[in-house]
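S.K.: Model the following, please.
(2 chains)
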Amino acid sequence: MKKLPIPRPLLQSAALLGVLLLLVAVFGVASRNFLQAKTFTTIANQIPDLTCVAVGMTLVLIIGGIDLSVGAVLAVSSAVLGVLMFDYKWSLEAATLFCLLTGALCGLFNGTVSVGMRIPAFIVTLGMMEIARGTAKLLMDSQIKFIGKPVEPISKPLAGLGISPAFLIAIATVIVAQFVLTRTVFGRYCVAIGSNAEAVRMSGIRVAPYSISVFVISGFLAGVAGLIHTSRLSSADPNAAVGLELPAIAACVIGGTSLMGGRGNVVNSFLGVLIIRVLQTGLAHLGTNDAMKQVITGAVIVAAVVFDALRQRWDDSSE
Amino acid sequence: MPTCRLKWFWILALVTVVGCGTSEIETQTARPSAGSEPSEKPRVALIMKSLANEFFSTMAAGAESHQKEHAGDYELIVNGIKDERDLSRQVALVEEMVAAGVDAIVIAPADSKALVPALRRAKDAGVVVVNIDNRLDTEVLQQEEVAIPFVGPDNKAGAKKVGAHLATTLQKGDKVAVLEGIRTSFNGTQRRLGFEEAMAEAGIEIVDSQSAEWEMSIANTIAAAMLSEHPEIKAILAANDSMALGAIAAVKASDRADNVQIVGFDNITAVQQAIRDRAILATADQHWDQLAVFGIEAALKLLADPNATAEDVETPVDLITAESLGE
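M.R.: Below you'll find the predicted structure:
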């Protein structure tokens, strides 16, 4: 068996970067003002919430689970933040604590019910999606709350740098998660659980605490995304991030994470997020009509996955 | 017996999912002195779009408080759908209300065309039908040979008012962008046309016009792209207030808050604050808490007088600015 000279995830990152550069080049040629620093700082400041959610989703997918509730958990965390800051005039710091706690608790519920009772995560998180969305609407009486300045510091671009603290939080999340996944026992166990949970159990390791932790992490990161989302729009919206689970899953899959578990890479998921958002912003620059936007976005997702599958088959046959 | 237990979990899970399905109907019944006497009062069914949307929940709340004040005159059943685009659920609701034997249906159709056949069947069954919020398509109504009165505001005129007010702060030849609603919706089209007319009359050019599907964060993304693609933009006209809030964030993020004006439509609570903060210049108030009430009143009138002809009723739309909010 010939060993590949370059590790597979790195090869994949290079391929994704290629796709990304290709998109940037196409939009740069096709539109008048796409290729400028401001476009990229704008994109940077718009991706943190999706990035956090995609990082959590990557980990959940790696252990062979799925989390459909991320968008709704984002909304309920944002609702808690909004109610505390708008109705009770809490400080950003204090409200943030409860916002993140809300996310983590939702994740804990997903984890304990699906892992503890061995119910497919698909069903449990589907239920959570409804519970969290409904709770968000109840908390906010189905109204948008405009919080304004007090919540803005997290998403306000840093002077001279043009990017927001939220972006830095997202990047830090990616780096920490990638480190945990590849360099710690916890990360190794996650991959092992996703590949063959029974084998892990046979070797005397309790699977449940690890799996539940991963769901808690995903919920917590959805809470972080809720904080960032609220800050960026200065408002808490009970209908925020409806359907966010789909671009998050798409980003992971574009980044080569397997829906069957056991394979995934946080940095590549982040590249997946970038591809999705560059596409979105580029199409908005061109003023493409929304039906066409959908068609193109869908086509790029399928093309990226097909490309990945082909590359993998080629890898396997050359081994 | 682990397999047996697993089976039970599956059944439980299924029940949960089915439960989720039925909970899509948000039903609120306001029935005064239910069951005490067989009432002769007319029963009016109000069928809304999503009651989770502030707009429709406020409309429904307005209708419910109106019913409480006129408890002797009619009974009210309020129904909504979970997702604004869930046409089939709304058609089913119309059919269920007809089967439930209501006397009148007041409906905010999720689609201006697809609901017409179901409403024609309701009318054929002897139910009085009044259309509110989203106007049914005239051509389809003719095709189906049915007349359904529309009671509601003129969105195009309202948007034109907002646009004209914005134009007073701009100069001829200035450039602006429009954030449209969902393109298939009647209100979205009317508001866009109103904006376009106002801009054309003032000699202001619309350089970019895209749909942000009524949503705040989509509007944020699109507005940000518009601002960097067309740095010359002096104003953004949003077809609803959620999108206007998304545009504020985009303008702030690109440091253009001082030289880009934003206008919206609907006058939701969150936007009033933004108007006071001068982040939004103006919006339009179509008195949406009363929109369902106007429809119910029209339906009651038709029920009281069987010979009355079903005529459209236009309800008022007002311009809201910092001045009109009293500051």
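S.K.: Please list the residues of the stretch 201-319 of chain A that sit near chain B.
M.R.: Contacts of the stretch 201-319 of chain A with chain B, taken as C-beta under 8 Å from any C-beta of the partner chain, map to A:229, A:232-235, A:237-241, A:280-281, A:284-285, A:287, A:289-290. Backbone N, C-alpha and C define where each C-beta goes, glycine included.
S.K.: What residues does the stretch 201-327 of chain B have near chain A?
M.R.: So the stretch 201-327 of chain B meets chain A at B:208-211, B:213, B:215-217, B:220-222, B:224-226, B:228-231, B:242, B:245-246, B:248-249, B:252-255, B:268-271, B:273-274, B:277 (C-beta under 8 Å from any C-beta).
S.K.: Can I get the buried part of the residues of the stretch 201-319 of chain A next to chain B as one ChimeraX selection?
M.R.: Remark: buried members of those, expressed as a ChimeraX selection using 16 or more other C-beta atoms under 10 Å in any protein chain shown:
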select /A:229,232,233,234,235,237,238,239,240,241,280,281,284,285,287,290
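S.K.: which residues in the chain form strands?
M.R.: You didn't pick a chain, so chain A it is. Applying DSSP state E to chain A gives strands spanning A:145-146, A:235-236.
S.K.: other chain: chain B
M.R.: Taking DSSP E as the criterion, chain B contains strands spanning B:26-30, B:43-50, B:75-81, B:104-107, B:128-132, B:150-153, B:175-180, B:205-211, B:233-238, B:261-263, B:282-285, B:313-315, B:318-321.
S.K.: ok and the residue in the stretch 101-250 of chain A nearest chain B?
M.R.: At 3.7 Å from chain B, A:Phe146 is the closest residue in the stretch 101-250 of chain A, using C-beta to the nearest C-beta.
S.K.: these two touch, right, that residue and B:Ile275?
M.R.: No. The pair A:Phe146 / B:Ile275 is not scored as a contact, 10.1 Å apart, by C-beta atoms under 8 Å.
S.K.: Tell me who's in contact with the residue of the stretch 101-250 of chain A closest to chain B.
M.R.: A:86, A:234-235, B:245, B:269-271, B:273-274 (C-beta atoms under 8 Å, 6 or more residues apart in numbering or on different chains).
S.K.: partners of it in the sheet?
M.R.: Taking DSSP bridges as the rule, A:Phe146 bridges to A:Ser235.
S.K.: what about residue 172, how many neighbours?
M.R.: Since you didn't name a chain, this refers to chain A. Look at A:Ala172: counted by other C-beta atoms under 10 Å in any protein chain shown, it has 10 neighbours.
S.K.: I was thinking of chain B, sorry if that wasn't clear
M.R.: B:Lys172: 9 neighbours (other C-beta under 10 Å).
S.K.: Find me the pLDDT at the closest residue to it other than its chain neighbours, would you?
M.R.: Among residues not flanking B:Lys172 along the chain, B:Gly203 sits closest, at 4.0 Å (C-beta to C-beta, 6 or more residues apart in numbering or on different chains). Per-residue confidence at B:Gly203 stands at 96 (pLDDT).
S.K.: Distance of B:Gly203 relative to chain A?
M.R.: Using C-beta to the nearest C-beta, to the nearest Å, B:Gly203 is found at 22 Å from chain A.
S.K.: coming back round to it: what subset of the residues of the stretch 201-327 of chain B next to chain A is buried?
M.R.: Buried among these (16+ other C-beta under 10 Å): B:208-211, B:213, B:215-217, B:220-222, B:224-226, B:228-230, B:242, B:245-246, B:248-249, B:252-254, B:268, B:270-271, B:273-274.
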